[in-house]
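Participant: missing the sequence, but the structure's below:
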């Protein structure tokens, strides 16, 4: 098992390569943009919520293993997981909304 601080952002702020292998430049740009948004959103989460999301959704560990990795009960692990998912979805939604508004502003300026 990986330690709790495995998913901390790297100090240099470098992005990990996208997990997909797109066939077009536009697909590569979209995949890297999505990856960047997810990593930025995860970096905004508290450590235990970020770790719970990583262990459950990336590593696909059962909830009792997530709880043992976090050193808490299953109920608390479920709480960290739920709160982390809600916060990440809110961050991704506001990130998308900001980009849509910025694109609309650029279009109206021309």
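Facilitator: Perfect, thanks for sending it. Just so you know, these numbers come straight off a predicted model, no measurement behind them.

Participant: so what touches stretch 64-76?
Facilitator: Contact partners of stretch 64-76, identified using Cβ atoms under 8 Å, 6 or more residues apart in numbering, comprise 1, 4, 48, 51, 52, 55, 56, 61, 63, 77, 80, 81. The way it works is simple: take the backbone N, C-alpha and C, and place the C-beta from them, glycine included.

Participant: filter the residues you listed down to the buried ones, PyMOL style.
Facilitator: Buried residues within those, as defined by 16 or more other Cβ atoms under 10 Å, are selected in PyMOL through the command that follows:
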select buried, resi 4+48+51+52+55+56+61+77+80+81
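
Participant: got JSON lines for the contacts of stretch 64-76, with distance to residue 41 too?
Facilitator: As requested, those are arranged in JSON lines below (distance: Cβ to Cβ, whole Å):
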{"residue": "1", "distance to residue 41": "24"}
{"residue": "4", "distance to residue 41": "19"}
{"residue": "48", "distance to residue 41": "16"}
{"residue": "51", "distance to residue 41": "15"}
{"residue": "52", "distance to residue 41": "14"}
{"residue": "55", "distance to residue 41": "17"}
{"residue": "56", "distance to residue 41": "16"}
{"residue": "61", "distance to residue 41": "21"}
{"residue": "63", "distance to residue 41": "22"}
{"residue": "77", "distance to residue 41": "20"}
{"residue": "80", "distance to residue 41": "16"}
{"residue": "81", "distance to residue 41": "15"}
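
Participant: with respect to pLDDT, which of the contacts of stretch 64-76 ranks lowest?
Facilitator: Comparing pLDDT over the contacts of stretch 64-76 singles out residue 1 as the least confident position, at 47.

Participant: average pLDDT for stretch 35-47?
Facilitator: pLDDT averaged over stretch 35-47 gives 90.

Participant: tell me how many other residues surround residue 54.
Facilitator: Residue 54 has 20 neighbouring residues, counting by other Cβ atoms under 10 Å.

Participant: ok, so what distance separates it from residue 64?
Facilitator: If you measure residue 54 against residue 64 using Cβ to Cβ, to the nearest Å, the figure is 16 Å.
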